[in-house]
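Student: 3D, please:
(2 chains)
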Amino acid sequence: EAEVAQSPRYKITEKSQAVAFWCDPISGHATLYWYRQILGQGPELLVQFQDESVVDDSQLPKDRFSAERLKGVDSTLKIQPAELGDSAVYLCASSLAEIVRVGAGPWRLDGYTFGSGTRLTVV
Amino acid sequence: GDSVTQMEGPVTLSEEAFLTINCTYTATGYPSLFWYVQYPGEGLQLLLKATKADDKGSNKGFEATYRKETTSFHLEKGSVQVSDSAVYFCALSDRGTSYGKLTFGQGTILTVHP
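Tutor: Next comes the predicted model:
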């Protein structure tokens, strides 16, 4: 069964350091999502890509977070500098979503699949 | 904006007991509704979904019905097993306001004892 690959699985970093996470979506999935899951809460979307373009980064703290998906396949999420409050699990997901525009009628979320996540601890 | 509210947890049951986890939502557009499950040490897995009012999603003995009139999507199972112990998340995706973003509830921890 196809999987969304993420690395590293665990990361411990000191505050003010830079940290990066990598995600490889399921082959053929045009849409890629990065979510953050704080302990005891549900995941929250940070950024969403359609191919190599960002379609939603409204919840991404852009002063310290950046994300890219240069060739429309794998993606990197970076935090610089890391803060204590960034400790969380960072989840990547991908789907076959057909996106035309918001509210444009029927669309699919086929194959929406999450990776196992990267658990970040900032000390 | 869109939001999902789940019943306060954790929930502790004996094996073969009946399970209900309540979920209500607020959405601007046309939400699809989901239940995800997260087993210890694993990623999120889709448990079931419903895309329009009165649809019933079902999987592995779990069921949930999309109730537009009460804006609810409660999860039920008639007889739980120890292996059902996990965290359960209710979620929605609102095609009227997003491109496929999932909005999650806070999660409900279920522990089933033998």
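Student: skipping adjacent residues, who's closest to the residue of chain A found nearest chain B in space?
Tutor: Distance from chain B to each residue of chain A (CB to the nearest CB) is smallest for A:G42, at 3.0 Å. For glycine as for every other residue, the C-beta is placed from the backbone atoms N, C-alpha and C. With CB to CB, 6 or more residues apart in numbering or on different chains as the criterion, A:G42 has its nearest non-adjacent residue at 3.0 Å, and that residue is B:F104.
Student: enumerate every residue touching that neighbour.
Tutor: Each residue near B:F104 by CB atoms under 8 Å, 6 or more residues apart in numbering or on different chains is listed here: A:G42, A:P43, A:E44, B:V4, B:Y36, B:F89, B:C90, B:A91.
Student: by neighbour count, which of these wins?
Tutor: Using other CB atoms under 10 Å in any protein chain shown as the neighbour test, these are led by B:C90, with 30 neighbours.
Student: what about the chain, any weak spots by pLDDT?
Tutor: Here I'm looking at chain A. Scanning chain A for pLDDT under 70 picks out the ranges A:97-110.
Student: chain B, not that one
Tutor: In chain B (pLDDT under 70), the answer is B:96-98.
Student: who are the neighbours in contact with A:E3?
Tutor: A:E3 touches A:I26, A:T113, A:G115, counting by CB under 8 Å, 6+ apart.
Student: about what we covered before: so what pairs up with the residue nearest to A:G42 in the strands?
Tutor: Residues in a beta bridge with B:F104, per DSSP bridges, are B:A91.
Student: any idea how far it is from A:Q80?
Tutor: Separation of B:F104 from A:Q80 (CB to CB, to the nearest Å): 27 Å.
Student: what's the local residue count around A:A20?
Tutor: Applying other CB under 10 Å, I find that A:A20 has 14 neighbouring residues.
Student: cool, and the one 3 residues further on?
Tutor: One way to gauge burial is a neighbour count; for A:C23, by other CB under 10 Å, it gives 26.
Student: pretty sure it is in a strand, no?
Tutor: Yes. Per DSSP: H, G, I helix; E, B strand; the rest coil, A:C23 lies within a strand segment.
Student: the closest residue to it other than its chain neighbours: what's it in contact with?
Tutor: Spatially, and ignoring its direct neighbours in sequence, A:C23 is nearest to A:C92 (3.4 Å; CB to CB, 6+ apart). Applying CB under 8 Å, 6+ apart, we find A:C92 in contact with A:4, A:6, A:21, A:23, A:25, A:32-35, A:75, A:77, A:114-115, A:117.
Student: which SS class is A:C92?
Tutor: Under three-state DSSP, A:C92 comes out as strand.
Student: so the residue most central in space within chain A, which state does it fall into?
Tutor: Centroid-nearest residue in chain A, with CA atoms, centre = their mean: A:W34, separated by 1.6 Å. Secondary structure, three-state DSSP: A:W34 is strand.
Student: and the gap between it and A:D74?
Tutor: 12 Å.
Student: before we move on, back to that, surely the residue of chain A closest to chain B touches B:G105?
Tutor: Yes. If you go by CB atoms under 8 Å, A:G42 and B:G105 touch, sitting 5.4 Å apart.
Student: returning to what we had before: of the contacts of B:F104, closest to A:G85?
Tutor: A:E44 (13.2 Å; CB to CB).
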